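# Next come a sequence and a model predicted from it.
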Amino acid sequence: MKIIIADKAGYCFGIENAMRMVQDTLEKYQGEPIYCLGDISHNRQEMDRLIAQGVKKIDSVEEAQGGCIIIRSHGVGKSVLEEASARGLKIINATCPFVRAMQKKVADYYAQGYQIIIVGNAEHPEVIGACGWCDDQAIILNDIKSVEKIPKYDRICVVAQTTIIESKFNAITEALKDKADEIVIFNTICSATAERQAAAAETAKVVEYMIVIGGYHSSNTQKLLDICKTYCKNTCHIETAGELNPNEIKKYNVIGITAGASTPDWIVKEVTESMEENKMEQQEVTQEVEAAKVDPADVADADFDFAAEIEESLKPIRKGAPVEGEVIHIDNDEIILNIGYKADAVIKKNDFTWKHDEELTDLVKLGDKITAIVTDLNDGSGSVKLSKIKYDNQKVQRQLAEAYENKTVLEGKVKGVSGSGLIVDIGFTDIFMPASQYHVRYVKDLEALVGEDVKGIIIDYNAKRRRAILSQKVILEKELKEKQAALKEAKEKRFGELEVGDLVKGTVKTITNFGIFVDLNGIDGFVHRSDLTWERANEPKDLVEKGQEIEAKVISKNEEDKKIKLSVKALKERPWEEFIKNYKVNDEVEVKITNVLDFGAFAEIIPGVEGLIHVSEISYERVESVASVLKTGDVVKVKIIGIDTDKEKISLSIKATLEAPARQERPRRSESSYDRPARSEAPRRKPQQAKNKTVYEESANVTLGDAFGALLEGLSFDDDTEE
């Protein structure tokens with residue numbers, strides 16, 4: 001059997017990039033809800049894996065309750081992104097770059113007044129998303145017959161679903177050229193898709209049987225299936241290796257394999273390895289059949305020994321049966337046993353151990369009891385031929401079958417990596433554990449697991465094919481469910497014990513930039529950064545350490561979500577109250593500058609209480625720049641010049657602590673004759689002395705009538721005044 005794997009099979013760049021973004025998001029936003037809008041890719045096994053890691057699949061943005069939302073590689077409409085943003089969700093846009101480019105063309109040309117036409121499947125999420133960039137006004141075409149129904153437009157812009165077959169796109173666009181005075185055509189088919197389809201076609205042309213691997217709902221996989229069927233009528237579509245039909249495969253000598261863009265590498269490897277196993281099995285069967293062939297011409301009636309046949313029929317041993325014997329001789333190549341038969345039994349080294357570098361003399365001793373399978377009643381030299389390896393294999397198969405039936409938990413150690421999985425030594429044999437069955441989370445570096453202890457149960461066993469699959473994941477999932485159930489019960493119990501106003505002690509469990517989570521012995525309490533301290537500097541990482549025990553006050557309970565909100569600062573006296581008790585206007589104090597602005601500087605009087613030094617209160621001299629005079633961290637002496645208890649604001653002054661500079665005298669006139677004007681010869685008039693030196697008197701009872709009464713006499717304001 002010859003196996004040919006088509007080029008470009010498996011993940012495309014867009015899907016690979018999306019999967020990487022999902023893994024990065026899971027690591028970066030641990031503890032936060034992570035949603036994906038629809039399937040990240042059309043592969044059921046990959047989605048099951050992501051969901052097991054904590055990703056929640058939703059069908060609409062409304063279902064997301066905070067946290068992150070991942071936009072799948074197919075993309076979404078503009079309104080969906082706007083809605084997610086309006087809800088305050090962190091948007092992880094994993095849209096394929098080719099799809100984004102197509103969306104941009106749709107948006108740009110729609111804005112210019114073009115009628116948008118998308119060649120593709122109207123129900124495909126990529127096409128639905130693209131329509132969202134032209135107010136859902138696009139015309140969707142999936143076959144050339146639909147072109148006839150389209151009216152004529154002034155201007156048309158045509159784009160393609162990135163996974164559509166190129167020949168179909170070309171035929172439809174050619175027919176559309178008569179439907180507009182101006183037509184703009186963009187072949188937005190992904191280059192990787194076209195290359196994959198071409199490679200699949202080339203492979204299908206030269207094989208007898210073609211296998212297409214991918215999700216049953218994957219558009220690009222369905223197109224690969226159609227292409228392969230065109231060139232190879234014996235084409236099948238599977239999602240996993242378990243769906244292969246060994247009896248069907250045995251009929252063909254040359255088999256081809258390809259995979260859709262959303263099919264992960266580990267599934268492709270599983271199918272390939274399964275094919276290789278089937279190939280080896282078929283070769284073994286062929287060899288056994290060839291070895292069993294006997295030419296009837298070689299047997300003559302004259303050669304028939306009746307006595308010998310009688311003796312043979314009475315023998316206590318038979319071919320294929322196990323026998324026990326005692327070691328009576330050992331050399332480098334074989335072991336001889338006394339099995340209580342008319343002839344001794346021989347076990348060759350290659351029937352005793354797989355390891356050629358081992359010495360038989362190191363493995364057995366004279367007198368040892370060994371059980372083996374009879375493979376031949378006469379090895380040509382009169383001895384019975386035995387195989388310990390076959391006996392061990394049968395024993396292993398019995399143990400595997402029992403473990404599978406009883407769901408026995410097997411423990412072992414990872415001894416190596418094989419393809420897309422691990423080889424685990426479980427004591428009596430080695431067993432295969434696929435990478436997907438190692439943990440509930442995806443593990444990228446399998447080599448790093450060599451030497452690790454594992455435990456698991458056999459989830460798949462095929463005695464005929466000697467195939468067994470070990471899974472640790474099912475045990476971890478069960479343990480996780482039990483743990484979650486226990487935690488939920490403990491959480492509900494602890495939630496009921498706590499009341500608003502209770503003082504509690506707990507251990508800091510997680511520190512984030514927006515607050516901390518505290519373990520309250522069965523339930524987590526959350527302290528927002530604003531509830532950690534009264535001081536301005538409230539970075540959680542600067543105030544507490546992970547594992548630190550703290551005391552806090554319960555300030556609220558959410559019955560629906562079973563969430564507890566705590567406050568550390570509620571246990572301390574409010575700094576403002578302390579300030580009011582101990583400080584008053586005109587007190588002089590030393591303060592620390594905490595923030596410098598254009599209009600002044602804020603200074604800390606006591607922890608949690610700050611006052612403002614306005615720029616005009618810094619110095620008697622004009623200050624052009626506050627930053628040139630004061631720096632953050634400076635300690636200065638100030639006077640409290642104002643306290644607004646309602647608004648809790650404090651005015652401070654540096655200037656008030658300083659002595660006011662003396663007022664400068666005006667310069668006297670120069671007595672020089674050069675500066676003074678010539679004295680007039682005319683006699684000088686003596687200035688008239690003011691008789692009343694009082695300019696304004698607070699107690700004077702002067703009214704407006706007294707001041708303006710004389711001026712208003714004789715004026716009339718009647719409407720009928722004659723001119």
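Yes, it's here.
# for the protein, what are the low-confidence residue spans?
When residues are selected by pLDDT under 70, those of the chain lie in 13, 276-316, 379-381, 537, 664-723.
# Identify the residue spatially nearest to E359, adjacent ones excluded.
Once flanking residues are discounted, E359 sits nearest to N332: 7.1 Å by Cβ to Cβ, 6 or more residues apart in numbering. In short, each C-beta sits where N, CA and C put it, glycine included.
# distance of the one you found from H42?
Shown here: N332 relative to H42, a distance of 59 Å by Cβ to Cβ, to the nearest Å.
# higher neighbour count, the two?
Neighbours were counted for N332 and for H42 using other Cβ atoms under 10 Å; H42 has more, 27 against 8.
# where does that one land in three-state SS?
Secondary structure, DSSP: H, G, I helix; E, B strand; the rest coil: H42 is coil.
# For it, give me its contacts.
Counting by Cβ atoms under 8 Å, 6 or more residues apart in numbering, H42 makes contact with 214-215, 217-219, 221, 260, 262.
# try 6 Å
Counting by Cβ atoms under 6 Å, 6 or more residues apart in numbering, H42 makes contact with 215, 217-218, 262.
# Over to K90?
Contact partners of K90, counting by Cβ under 6 Å, 6+ apart, are C68.
# Tell me who's in contact with I426.
I426 neighbours (Cβ under 6 Å, 6+ apart): 410, 412.
# distance of it from G611?
Counting by Cβ to Cβ, the gap from I426 to G611 is 73 Å.
# Repeat that for A627.
In terms of Cβ to Cβ, A627 sits 19 Å off from G611.
# what about those two, which has more around it?
Remark: of A627 and G611, G611 carries more neighbours, 23 against 11, as counted by other Cβ under 10 Å.
# which SSE is that one in?
Using DSSP states H and E, the element containing G611 is strand 609-614.
# after that strand comes which helix or strand?
strand 635-644.
# can you give me the angle the helix or strand following that next one makes with strand 635-644?
The helix or strand immediately downstream of strand 635-644 is strand 649-653, counting by DSSP H and E. Comparing the axes of strand 649-653 and strand 635-644 via axes from the mean of the first three to the mean of the last three Cα atoms, to 10 degrees yields an angle of 140 degrees.
# Tell me which residues of strand 649-653 come out buried.
Going by neighbour count (16 or more other Cβ atoms under 10 Å), the buried part of strand 649-653 is 650-653.
# How about stretch 394-407?
Those would be 396, 399-400, 403-404, for stretch 394-407 by 16+ other Cβ under 10 Å.
# which of the residues you listed lies closest to K584?
Minimum distance to K584 across the buried residues of stretch 394-407 is 83.1 Å, recorded for A403 (Cβ to Cβ).
# so how far is E482 from the closest one?
Separation of A403 from E482 (Cβ to Cβ) stands at 22 Å.
# Okay, helices next: where are they in the stretch 1-150 of the chain?
For the stretch 1-150 of the chain, helices defined by DSSP state H, counting those that start in this stretch occupy the ranges 13-28, 44-52, 78-86, 97-111, 125-131.
# Mean neighbour count, these: which tops it?
helix 125-131 (a mean of 24; mean count of other Cβ atoms under 10 Å).
# Just the C-alphas of the helix or strand encompassing T594, formatted as CSV.
Element membership for T594 (DSSP H and E) is strand 588-596. Only the C-alpha atoms of strand 588-596 are listed here, as CSV (Å, rounded to 0.1, in the frame of the first residue of the first chain):
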residue,chain,number,x,y,z
GLU,A,588,1.2,76.1,59.2
VAL,A,589,2.2,72.5,58.2
GLU,A,590,4.8,70.6,56.1
VAL,A,591,3.3,68.9,53.1
LYS,A,592,4.6,66.7,50.2
ILE,A,593,4.0,67.7,46.6
THR,A,594,2.1,64.9,44.9
ASN,A,595,1.2,66.4,41.5
VAL,A,596,2.3,69.5,39.6
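# Can you give the contact residues for that strand?
Contacts for strand 588-596 (Cβ under 6 Å, 6+ apart): 601-605, 626-627, 630, 632, 634-635, 637-639, 657.
# which of those lies closest to D524?
Using Cβ to Cβ, E604 comes nearest to D524 of the contacts of strand 588-596, at 32.9 Å.
# wait, the closest one sits on E610?
Yes: with contacts defined as Cβ atoms under 6 Å, E604 counts as touching E610 at a distance of 5.3 Å.
# Who has more neighbours out of the two?
Neighbours were counted for E604 and for E610 using other Cβ under 10 Å; E610 has more, 22 against 19.
# Distance check, that one against L652.
As for E610, its distance to L652 is 9 Å (criterion: Cβ to Cβ).
# for the helices of the stretch 1-150 of the chain, which one sits closest to V414?
Taking Cβ to Cβ, helix 44-52 is the member of these nearest to V414, at 19.5 Å.
# relative to helix 13-28, how tilted is that closest one?
Here helix 44-52 runs at an angle of 20 degrees relative to helix 13-28 (the same axes, to 10 degrees).
# who does helix 44-52 touch, helix- and strand-wise?
Of the remaining helices and strands, none touches helix 44-52 by 3 or more Cβ pairs under 6 Å, 6 or more residues apart in numbering; DSSP states H and E.
# What are the contacting residues of that helix?
So helix 44-52 is in contact with 39, 215, 264, 440, going by Cβ under 6 Å, 6+ apart.
# Please, which helix or strand holds R155?
In the assignment (DSSP H and E), R155 maps to strand 153-160.
# Distance from that strand to the middle of the chain?
38 Å (Cα atoms, centre = their mean, to the nearest Å).
# Show the subsequent helix or strand relative to that strand.
helix 166-176.
# okay, that next one in CSV with CA atoms only?
What follows is helix 166-176, C-alpha atoms only, in CSV (Å, rounded to 0.1, in the frame of the first residue of the first chain):
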residue,chain,number,x,y,z
GLU,A,166,-12.1,29.7,-8.7
SER,A,167,-13.6,28.2,-11.9
LYS,A,168,-17.1,28.9,-10.5
PHE,A,169,-16.1,32.5,-9.6
ASN,A,170,-14.7,33.1,-13.1
ALA,A,171,-17.8,31.7,-14.8
ILE,A,172,-20.2,33.9,-12.7
THR,A,173,-18.1,37.1,-13.2
GLU,A,174,-18.0,36.6,-16.9
ALA,A,175,-21.8,36.4,-17.0
LEU,A,176,-22.1,39.5,-14.9
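# who does the very next helix or strand once past it pair up with?
Next helix or strand after helix 166-176 toward the C-terminus (DSSP H and E): strand 180-185. Taking DSSP bridges as the criterion, strand 180-185 forms sheet pairs with strand 153-160 (parallel).
# Confirm that K483 lies within a helix, as I assumed.
Yes: assessed with three-state DSSP, K483 lies in a helix.
# for it, what are its contacts?
With Cβ under 6 Å, 6+ apart, K483 has no contacts at all.
# separation between it and K563?
From K483 to K563 the distance is 20 Å (Cβ to Cβ).
# List the residues that contact C36.
With contact taken as Cβ under 6 Å, 6+ apart, C36 is in contact with 55, 57, 70.
# What about those residues, which one has the most neighbours?
The member of the contacts of C36 surrounded by the most neighbours (other Cβ under 10 Å) is I70, with 24 neighbours in all.
# what is it paired to in the beta sheet?
Bridge pairing for I70 - DSSP bridges - gives C36, I92.
# which of the contacts of H42 tops the neighbour count?
Highest neighbour count within these: S262, with 28 neighbours (other Cβ under 10 Å).
# Run a quick neighbour tally on the nearest residue to T361 once chain neighbours are set aside.
Computed as Cβ to Cβ, 6+ apart, the closest residue to T361 that is not its neighbour in sequence is I330, at 5.6 Å. Neighbour count for I330, taken as other Cβ under 10 Å: 17.
# Show me what I330 bridges to in the sheet.
Beta bridges link I330 to I335 when assigned by DSSP bridges.
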